[in-house]
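1. below are the sequence and a predicted model for it; my questions follow.
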Amino acid sequence: MKERVAFGAGTGVILLGIALVMNSVAQLQTGPGWEIPSTAATNWTLFGLISIALHGIGVICYMRGNRFASLSAPALKGFWILLCVGLLITASSCLLEPGQWQVTHRDLSAVVRKSSVPAWGLCGIVWMLLIVWTRRTPSMDA
């Protein structure tokens, strides 16, 4: 039971970090093309740091949850895949200069600008499905 709670918390904070980074990148795409709104630039930096901290909390949940010993191997793989995707999204949001996309990549900027709410919804749905899946999947202890 302890592992399932830790799994739910760990995947939840990782998905929250992903959604925050997606939101901050979408905020960078608002405003006129020749400047980045100052609040969006601040949120981009702040949400990136929060996302890194949330990923760290996810790893702490893994450690405190006895390395998810009673969960199935696919659940463990799913956790690590989510963590890697979250770290990749966070790192790429810093390295790819999304503030310049309105000028350099107009189509990508338009897609990202409209993807903030769907990203939050998708992260929430994925988290709920993972929780339901781990509740239905028999544990390794049983």
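-> That came through, no problem.

2. how far does whichever strand or helix holds Leu49 sit from its chain's centre?
-> Taking DSSP states H and E as the criterion, Leu49 maps to helix 38-64. Centroid separation between helix 38-64 and its chain, computed with Cα atoms, centre = their mean, to the nearest Å, is 9 Å.

3. give me the residue at the spatial middle of the protein.
-> Ile18 (1.8 Å; Cα atoms, centre = their mean).

4. how much space separates that residue from Trp127?
-> 10 Å (Cβ to Cβ, to the nearest Å). Placement of C-beta: from N, CA and C, glycine included.

5. what about Gly33, is that helix, strand or coil?
-> For Gly33, the assignment made with DSSP: H, G, I helix; E, B strand; the rest coil gives coil.

6. what are the buried residues along the helix or strand bottoming out on mean pLDDT in the chain?
-> Using mean pLDDT, DSSP states H and E, helix 101-104 stands out as the lowest-scoring helix or strand of the chain, at a mean of 88. Under the neighbour-count criterion of 16 or more other Cβ atoms under 10 Å, helix 101-104 has Trp101, Gln102 buried.

7. name the surrounding residues that touch the very next helix or strand once past that helix.
-> Toward the C-terminus, helix 101-104 is succeeded by helix 106-113 as the next helix or strand (DSSP H and E). Applying Cβ atoms under 8 Å, 6 or more residues apart in numbering, the contact partners of helix 106-113 are Met22, Val25, Ala26, Gln29, Thr30, Pro98, Trp101, Gln102.

8. in helices only, show me those residues.
-> Met22, Val25, Ala26, Trp101, Gln102 (DSSP state H).

9. in CSV: those residues, plus distance to Phe68.
-> As requested, those are exported to CSV (distance: Cβ to Cβ, whole Å):
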residue, distance to Phe68
Met22, 26
Val25, 30
Ala26, 32
Trp101, 37
Gln102, 42
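
10. pretty sure Ser24 sits against Asn43.
-> Yes: contact criterion Cβ atoms under 8 Å: Ser24 and Asn43 qualify, at 4.9 Å.

11. out of the two, which sits in the busier spot?
-> Ser24 (24 against 19; other Cβ atoms under 10 Å).

12. thanks a lot, catch you later.
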